[in-house]
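**Q** Kindly return the folded structure for what I paste below:
(chains A and B)
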Amino acid sequence: DTAVSQTPKYLVTQMGNDKSIKCEQNLGHDTMYWYKQDSKKFLKIMFSYNNKELIINETVPNRFSPKSPDKAHLNLHINSLELGDSAVYFCASSQKVLGQKNEKLFFGSGTQLSVL
Amino acid sequence: QKEVEQNSGPLSVPEGAIASLNCTYSDRGSQSFFWYRQYSGKSPELIMFIYSNGDKEDGRFTAQLNKASQYVSLLIRDSQPSDSATYLCAVNMGTGGFKTIFGAGTRLFVKA
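**A** This next block holds a predicted model:
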């Protein structure tokens, strides 16, 4: 049973289109994230939600809109897709344990987005 | 200055050797430090975490942290071809500990 699952795995689309990526975790975690990994493999945080509340919003174009209907789901909608949006988008989740400092991330398998 | 810096490599070691991966970070207030392994076409997976100065060992892996020097390293003993992957250094910073910043990763090749 997959812990963090995201769909679709591959997404090929034309410039200017709107697309969505969905993510679900069954780990019972409170926090979910979207990361973008570019062609140079650099993994950059985009958004984070904790218990459905947006807590991290990096300098991402407002064409990107995350939505968390509940703490187990985090979706990413992208409007007016551009060539530069081509990347692998990873969903992740974590649980902050009382008394511990660390935030271990559990990643989904990624969505390869190709904008033509 | 990048927040988390790693040598992109590639780092090539023979099978059975020790692979040494290094990372520096810029935020002195960082509390938690992680090493993730990412195979080509796969997602990152956590292999080590450390938050106190010194060494932490887990099997063939040892993580080392020096907060004064803002330096984290990962040693892989008895390297195997299956260890060939990109190793991502990650640092947890920011209010509430929710923001984890990744380095660009070091590609490791272990030659049989």
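**Q** and the helix or strand bottoming out on mean pLDDT in chain A, which strands flank it?
**A** Within chain A, no helix or strand scores below strand A:53-57, which has a mean of 87 by mean pLDDT, DSSP states H and E. Strand A:53-57 has these partner strands in its sheet, going by DSSP bridges: strand A:43-50 (antiparallel).
**Q** OK, contacts around the residue nearest the centre of chain A?
**A** In chain A, the centroid-proximal residue (Cα atoms, centre = their mean) is residue A:34; its distance is 2.5 Å. Neighbouring residues of residue A:34 by Cβ atoms under 8 Å, 6 or more residues apart in numbering or on different chains: A:23, A:45-48, A:66, A:74, A:76, A:89-92. Backbone N, C-alpha and C define where each C-beta goes, glycine included.
**Q** what lines up beside the particular helix or strand that has it in it in the sheet?
**A** According to DSSP states H and E, residue A:34 maps onto strand A:31-37. Here strand A:31-37 is paired, per DSSP bridges, with strand A:43-50 (antiparallel), strand A:87-94 (antiparallel).
**Q** Could you export those as CSV, including mean neighbour count?
**A** Shown next, in CSV, are the strands paired with strand A:31-37 (neighbours: other Cβ atoms under 10 Å in any protein chain shown):
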stretch, mean neighbour count
strand A:43-50, 22
strand A:87-94, 24
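**Q** Can you tell me which of the ones you listed has the worst average pLDDT?
**A** Sorting the strands paired with strand A:31-37 by mean pLDDT places strand A:43-50 lowest, at a mean of 92.
**Q** Relative to the whole chain's centre, how far out is that strand?
**A** For strand A:43-50, the separation from the chain centroid amounts to 7 Å (computed by Cα atoms, centre = their mean, to the nearest Å).
**Q** Need the residues that contact it.
**A** For strand A:43-50, using Cβ under 8 Å, 6+ apart, the contacting residues are A:30-38, A:54-58, A:60, A:64, A:66, A:68, A:71, A:74, A:76, A:90, B:44, B:88, B:96, B:98-102, B:105.
**Q** Which entries within the residues you listed meet the buried criterion?
**A** Neighbour counting with 16 or more other Cβ atoms under 10 Å in any protein chain shown marks A:30-37, A:55-56, A:60, A:64, A:66, A:68, A:71, A:74, A:76, A:90, B:44, B:88, B:98-102, B:105 as buried within these.
**Q** To residue B:23, which of the strands paired with strand A:31-37 lies closest?
**A** Evaluated over the strands paired with strand A:31-37, closeness to residue B:23 peaks at strand A:43-50, with 13.6 Å, by Cβ to Cβ.
**Q** isn't residue B:12 right up against residue B:106?
**A** No. Assessed by Cβ atoms under 8 Å, residue B:12 is found out of contact with residue B:106, at 11.2 Å.
**Q** Just want to know which of those two has more residues nearby.
**A** Using other Cβ atoms under 10 Å in any protein chain shown as the criterion, residue B:12 and residue B:106 rank with residue B:106 on top: 22 against 13.
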